[in-house]
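A.B. asks: Whatever this is, show me its structure:
(one chain, ligands or ions: 2)
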Amino acid sequence: MAVYTDVSAGQIAEFLSLYDIGTLTSFHGIAEGVENSNFLVQTTAGSYILTLYEKRVAREDLPFFIGLMQHLAKRGLSCPLPVAARSGAMLGELAGRPAAIVTFLPGVSVRRPTAVHCAELGRGLAQLHLAGRDFPMRRANALSVSGWRPLYRGARGRSDEVAPRLSATIEEELGDLESDWPTGLPAGVIHADLFPDNAFFLDDALSGIIDFYFACTDFLAYDVAVCLNSWCFEPDASYNVTKGRALLAGYESLRPLTAEEAAALPRLARGAALRFLLTRLVDWLNVPEGALVRPKDPLEYLRKLRFHRAVDSARDYGLAP
Ligand SMILES: Nc1ncnc2c1ncn2[C@@H]1O[C@H](COP(=O)(O)OP(=O)(O)O)[C@@H](O)[C@H]1O
Ligand SMILES: N[C@@H](CCOP(=O)(O)O)C(=O)O
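C.D. replies: Ligands and ions are numbered 1, 2, ... in the order given. Here you go, the predicted structure:
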């Protein structure tokens with residue numbers, strides 16, 4: 001459960017009094033997510049999500065995330081809409097944390113996505129990329145190749161406690177990817193964390209995308225690589241090429257990949273696997289005392305990384321020739 005910061009009913013009621021969204025009837029901390037503290041808040045006017053932004057979210061980036069959700073929603077993407085306080089402000093402060101209220105999206109996330117979900121997700125990802133084309137703000141991806149080594153410093157001394165020779169594997173990957181990371185690919189707004197828990201479905205149709213707090217400006221194909229990692233592997237770490245084919249075909253039905261993007265896909269997928277291995281490893285070794293959070297397994301991404309190292313071309317992921 002991700003609740004790092006506890007808030008009382010009284011604090012939430014006071015916060016809500018700044019908005020025109022009714023009065024508090026109930027709330028609870030949400031049992032998913034690992035980054036921020038989230039509360040489902042019921043008021044006399046409906047359901048809302050209250051988010052208190054935690055460690056990895058820099059205050060100065062919040063206008064980018066808020067502006068992006070507004071922009072994408074205006075272009076027809078189903079995503080949470082930030083709610084303005086009576087003053088017009090989209091961001092406030094609660095329990096010493098930056099805080100915002102966003103609309104509640106109906107739907108459920110799927111624990112075991114099928115090829116049908118993957119196809120829907122691929123289309124949704126392309127829709128997000130197309131809707132983001134004219135978003136005027138930029139945010140560098142702090143968790144791209146140049147950010148991985150500094151991130152790793154938070155775990156380096158202890159990584160072999162998690163798996164034998166893990167530090168050697170990571171060092172080797174870092175060196176390899178840093179010396180040959182793709183350049184010049186089509187770039188724009190990416191979600192950067194579009195895992196199954198951040199996509200909602202109703203009757204197997206994608207009904208919404210949430211959690212834009214890693215969104216940034218980066219290669220569009222990197223976002224595809226993140227999704228291949230998070231949607232198309234089975235629990236035994238085998239790659240399901242049927243799911244990969246469905247995801248890529250869904251994506252390409254709206255935005256075909258260029259030849260350069262297709263050629264870069266194996267490297268991007270490898271980088272994406274390393275990125276999630278590293279954040280998970282750091283989190284695994286540094287659970288804040290008293291926090292209600294279940295850290296995610298870093299070794300899941302070590303196994304995925306091993307798969308990517310053996311890939312020859314994007315065809316291995318299911319990209320149509
Ligand atoms: N707008 C929303 N509508 C409905 N549920 C939401 C919404 N935002 C978050 N949630 C719920 O809260 C959980 C955690 O949110 P998420 O943004 O993924 O947290 P984190 O920032 O910690 O990764 C989600 O898995 C979902 O169940
Ligand atoms: N998707 C990341 C963790 C952060 O995302 P959340 O949406 O699950 O909080 C991972 O799986 O490592």
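A.B. asks: Residue numbers of the stretch 101-250 of the chain in contact with ligand 1?
C.D. replies: Val102, Phe104, Leu105, Asp197, Asn198, Ile210, Asp211, Tyr213 (C-beta under 6 Å from any ligand atom). C-beta coordinates here come from the backbone N, C-alpha and C atoms, glycine included.
A.B. asks: give me the low-pLDDT residue ranges for this protein?
C.D. replies: 1-3, 289-293 (pLDDT under 70).
A.B. asks: among the residues of the stretch 101-250 of the chain next to ligand 1, which ones are buried?
C.D. replies: Val102, Leu105, Asp197, Asn198, Ile210, Asp211, Tyr213 (16 or more other C-beta atoms under 10 Å).
A.B. asks: Please identify which pair of these lies farthest apart.
C.D. replies: Val102 and Asp197 (16.2 Å; C-beta to C-beta).
A.B. asks: Against Phe104, how distant is Ile21?
C.D. replies: 11 Å (C-beta to C-beta, to the nearest Å).
A.B. asks: Show me where the stretch 1-150 of the chain has its helices.
C.D. replies: Ranges of helices in the stretch 1-150 of the chain, per DSSP state H, counting those that start in this stretch, are 9-16, 62-74, 115-131, 145-152.
A.B. asks: Apologies, that question was intended for the stretch 151-300 of the chain.
C.D. replies: According to DSSP H, counting those that start in this stretch, the helices that the stretch 151-300 of the chain contains are 166-179, 220-231, 241-252, 259-285, 299-309.
A.B. asks: Using JSON lines, please lay out those helices together with mean neighbour count.
C.D. replies: Listed next are the helices of the stretch 151-300 of the chain as JSON lines, based on neighbours: other C-beta atoms under 10 Å:
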{"stretch": "helix 166-179", "mean neighbour count": "16"}
{"stretch": "helix 220-231", "mean neighbour count": "26"}
{"stretch": "helix 241-252", "mean neighbour count": "22"}
{"stretch": "helix 259-285", "mean neighbour count": "22"}
{"stretch": "helix 299-309", "mean neighbour count": "19"}
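A.B. asks: Same list as before, those that is, but in CSV and with distance to Gly76 included.
C.D. replies: What follows is these, written out as CSV (distance: least, C-beta to C-beta, whole Å):
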stretch, distance to Gly76
helix 166-179, 36
helix 220-231, 18
helix 241-252, 17
helix 259-285, 24
helix 299-309, 32
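A.B. asks: mind giving me TSV with these and columns for distance to ligand 2?
C.D. replies: Listed next are those as TSV, based on distance: least, C-beta to the nearest ligand atom, whole Å:
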stretch	distance to ligand 2
helix 166-179	16
helix 220-231	7
helix 241-252	17
helix 259-285	5
helix 299-309	8
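A.B. asks: And those: which comes nearest Leu52?
C.D. replies: helix 259-285 (17.6 Å).
A.B. asks: Nearest the geometric middle of the protein, what residue?
C.D. replies: Asp193 (1.8 Å; C-alpha atoms, centre = their mean).
A.B. asks: Leaving out chain neighbours, which residue sits closest to it?
C.D. replies: Nearest non-adjacent residue to Asp193, counting by C-beta to C-beta, 6 or more residues apart in numbering: Phe214, 4.2 Å away.
A.B. asks: how many other residues sit next to that neighbour?
C.D. replies: 23 (other C-beta atoms under 10 Å).
A.B. asks: next one: Ser47
C.D. replies: The burial count for Ser47: 14, using other C-beta under 10 Å.
A.B. asks: How much space separates it from Ala84?
C.D. replies: 17 Å.
A.B. asks: Would you enumerate the residues in contact with the residue nearest to Asp193?
C.D. replies: Arg56, Leu143, His191, Ala192, Asp193 (C-beta atoms under 8 Å, 6 or more residues apart in numbering).
A.B. asks: Could you list which of the residues you listed also contact ligand 2?
C.D. replies: Asp193.
A.B. asks: who wins for neighbours among the contacts of Phe214?
C.D. replies: His191 leads those on contacts (other C-beta under 10 Å) with 27 neighbours.
A.B. asks: Backbone torsions only: list them for it.
C.D. replies: phi -80, psi -40 (degrees, to the nearest 10).
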